[in-house]
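can't give you the sequence, but here's the structure:
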């Protein structure tokens, strides 16, 4: 038995095939394009080829992400919250708090010991503190995203970035460059601004200042070593970073698809 999960995000689309042992047979991550239906069809075609399977071999396909309704071949769609929780709990059962930062939104998800979602909060008002925000800041500072970790680690001071709005923060960063503030200090300040916003979201989801551990960091921004360093510093803990942190939503969707098919076969499905 095989199941497919497809997570169509605002910036990247992720595709996973798993077998009934919950082993990943195929994983693809690619840039999201305007033709989302064509993109989804291409991911299915390429993923099946990579796994050596045919469409008839797949028991269930579940889609998630902002473009989840643009995969017409999907048997069901589920929210990102549900899919990220399922994927992270499968890989890291000790996790109680998930911080997920994607291309244009960020979210905090609180889990209990069984992986059930007890609460969540999202920042969807703007691109503040998301992948788009880091891209704009990287362009303004002319520091490539893969270099952020090294640059932030080299900072001996941290500039204060007052604005988290992408447009105003970019203007503030340019102003500090003109004032000859060291670039590593500015970048460290940018990371602190992102992390401050994220921690606010986590505390809103948790309902109190305490943050339940273990804490997983997922989404594309989890690959940003600069943001990761400052987040660990501010939380005072070592984050759990799942293997391929962008994959958790698609993996969770596939796991839900596998469960749906198993329930259908056993007669427990609705």
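Here it is on my side, so go on. Just so we're clear, the structure is a prediction, and the values are computed from it rather than from any experiment.

show me the contacts for the residue nearest to residue 59 when sequence neighbours are not counted.
Nearest residue to residue 59, sequence neighbours excluded (C-beta to C-beta, 6 or more residues apart in numbering): residue 261, at 4.0 Å. All C-beta spots, glycine's among them, are computed from the backbone N, C-alpha and C. Applying C-beta atoms under 8 Å, 6 or more residues apart in numbering to residue 261 gives the contacts 1, 3, 59-60.

Ranking by neighbours, what's the top pick from these?
Neighbour counts for the contacts of residue 261 (other C-beta atoms under 10 Å) peak at residue 3, which has 26 neighbours.

How about the secondary structure of that residue?
strand (DSSP: H, G, I helix; E, B strand; the rest coil).

correct me, but residue 260 touches residue 62?
Yes: in this structure, residue 260 is within contact of residue 62 by C-beta atoms under 8 Å, at 7.3 Å.

Report the buried residues of stretch 175-183.
Buried residues in stretch 175-183, counted by 16 or more other C-beta atoms under 10 Å: 176, 181-183.

Ends of that stretch, what's the gap?
Start to finish, the residues bounding stretch 175-183 are 12 Å apart (C-alpha to C-alpha, to the nearest Å).

Where do the helices of the stretch 101-250 of the chain begin and end?
131-141, 148-153, 166-178, 183-206, 225-235, 248-266 (DSSP state H, counting those that start in this stretch).

Can you give me the pLDDT of residue 127?
Listed pLDDT for residue 127 reads 70.

roughly how far apart are it and residue 133?
Look at residue 127 and residue 133: by C-beta to C-beta, to the nearest Å, they are 5 Å apart.

So which of the two has more stuff around it?
More neighbours surround residue 133 than the other of residue 127 and residue 133, with 26 against 22 (other C-beta under 10 Å).

For the helices of the stretch 101-250 of the chain, please prepare a markdown table with the additional fields distance to residue 9 and mean pLDDT.
Shown next, in a markdown table, are the helices of the stretch 101-250 of the chain (distance: least, C-beta to C-beta, whole Å; pLDDT from 0 to 100):
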| stretch | distance to residue 9 | mean pLDDT |
| --- | --- | --- |
| helix 131-141 | 9 | 93 |
| helix 148-153 | 21 | 97 |
| helix 166-178 | 18 | 92 |
| helix 183-206 | 17 | 94 |
| helix 225-235 | 18 | 97 |
| helix 248-266 | 8 | 95 |
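
Need the residues touching each of residue 127 and residue 133.
Counting by C-beta under 8 Å, 6+ apart, the residues touching both residue 127 and residue 133 are residue 166.

Stretch 184-203: which residues count as buried?
Applying 16+ other C-beta under 10 Å to stretch 184-203 flags 184-195, 197-199, 201-202 as buried.

Correction: the previous question concerned stretch 136-156.
Neighbour-count burial for stretch 136-156, with 16+ other C-beta under 10 Å as criterion, is recorded at 136-138, 140-141, 143, 145, 148-149, 151-152, 155.
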